[in-house]
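Enquirer: Generate a structure from the sequence data that follows.
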Amino acid sequence: MTLQPAELAIIFICLAAGGVLKGATGAGAPILAVPALAMIFDVKFAVVVMLMPNLLTNVWQGWRFRRHLLPGSFLLRFAGAGILGVLLGTLMLTHFSQKALSLIVAGAVVGYIALRLARPDWKIAFPLASRLSMPAGFLAGMLQGAAGLSAPASITFLNAMRLDRQIFIATISFLFVAVTSLQVLSLSFLGIFSVHGALISLLAMLPILAFMPVGAALARRLSRENFDRMILILLGFVAAKLIYDALLT
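Expert: Predicted coordinates for the structure are as follows:
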């Protein structure tokens with residue numbers, strides 16, 4: 001397929017914008033890049049292209065912020081349950097309507113945003129969050145497998161904990177590495193993630209990596225309140241995209 005200059009520009013802009021969000025919040029690149037790639041190619045190609053950026057950028061961020069990780073017991077429950085959720089989500093993908101899954105996820109995100117706007121000081125204390133880590137991780141992994149997007153569950157849960165930016169990024173990177181690693185293995189086993197796809201996926205990292213420092217620099221200049229607003233805006237974008245896909249495509 002020969003791409004037109006306008007199509008290449010759209011792909012670059014969305015990957016670059018995803019890099020800014022990734023650098024600022026620790027998440028966001030797939031939310032912008034996957035829809036743009038899917039519009040030009042297809043969803044399967046978009047998922048393959050974003051595998052290596054998802055995996056490697058989160059490995060890098062997780063290592064960079066490793067000193068800010070939550071306790072190991074929390075991480076193991078959170079990510080371990082996420083891995084199990086990916087397996088179930090893959091099975092659900094063959095039986096559930098994608099539109100139904102998208103609307104369920106979007107409804108949960110919209111409800112959380114409404115709660116945060118109505119009660120901006122609401123938070124989940126760490127003892128309760130620790131008990132909820134496995135259900136939240138499992139849901140995030142299940143959504144990743146079933147709908148290709150774990151962010152609504154994972155970001156919603158960690159944002160409700162009101163974590164500092166460094167802890168938030170370290171923790172969500174740990175989860176993303178776990179679930180994406182399983183995706184790479186499973187898609188490689190099924191022959192969907194080929195050598196050619198891996199090369200394209202690696203090339204997609206260039207604009208993301210180039211603009212991640214821009215997002216990180218912006219985040220350092222933001223207050224805690226503004227950082228929370230960025231997360232809510234990110235969640236709002238996720239919900240809008242899910243509703244659009246379910247109702248209008």
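Enquirer: Tell me how far the residue most central in space within the chain lies from Ala204.
Expert: Against the mean C-alpha coordinate of the chain, by Cα atoms, centre = their mean, the closest residue is Ala151 at 4.1 Å. As judged by Cβ to Cβ, to the nearest Å, Ala151 and Ala204 stand 18 Å apart. For glycine as for every other residue, the C-beta is placed from the backbone atoms N, C-alpha and C.
Enquirer: just Val48 next, same as before
Expert: 10 Å.
Enquirer: which helices and strands sit right next to the lowest-mean-pLDDT helix or strand in the chain?
Expert: Least confident helix or strand, the chain: helix 29-40 with a mean of 73, by mean pLDDT, DSSP states H and E. Applying 3 or more Cβ pairs under 8 Å, 6 or more residues apart in numbering; DSSP states H and E, one finds that helix 29-40 contacts helix 5-25, helix 43-49, helix 51-64, helix 195-220, helix 224-248.
Enquirer: what would those look like in a markdown table with mean pLDDT, distance to Arg162 and mean neighbour count?
Expert: Converted to a markdown table, these look like this (pLDDT from 0 to 100; distance: least, Cβ to Cβ, whole Å; neighbours: other Cβ atoms under 10 Å):
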| stretch | mean pLDDT | distance to Arg162 | mean neighbour count |
| --- | --- | --- | --- |
| helix 5-25 | 81 | 14 | 19 |
| helix 43-49 | 78 | 31 | 19 |
| helix 51-64 | 89 | 20 | 20 |
| helix 195-220 | 88 | 16 | 16 |
| helix 224-248 | 77 | 8 | 16 |
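Enquirer: Of all those, which one is nearest Leu115?
Expert: Closest of these to Leu115 is helix 224-248, at 10.7 Å (criterion: Cβ to Cβ).
Enquirer: Which other helices and strands does that closest one contact?
Expert: By 3+ Cβ pairs under 8 Å, 6+ apart, helix 224-248 packs against helix 5-25, helix 29-40, helix 98-118, helix 151-160.
Enquirer: which other residues reach the shortest one?
Expert: I take that to be helix 151-160. Applying Cβ atoms under 8 Å, 6 or more residues apart in numbering, the contact partners of helix 151-160 are 27-28, 30-31, 82, 105-106, 108-109, 112, 116, 122-124, 129, 132, 136-137, 139-140, 143, 168, 171-172, 175-176, 228, 231-232, 234-235, 238-239, 242.
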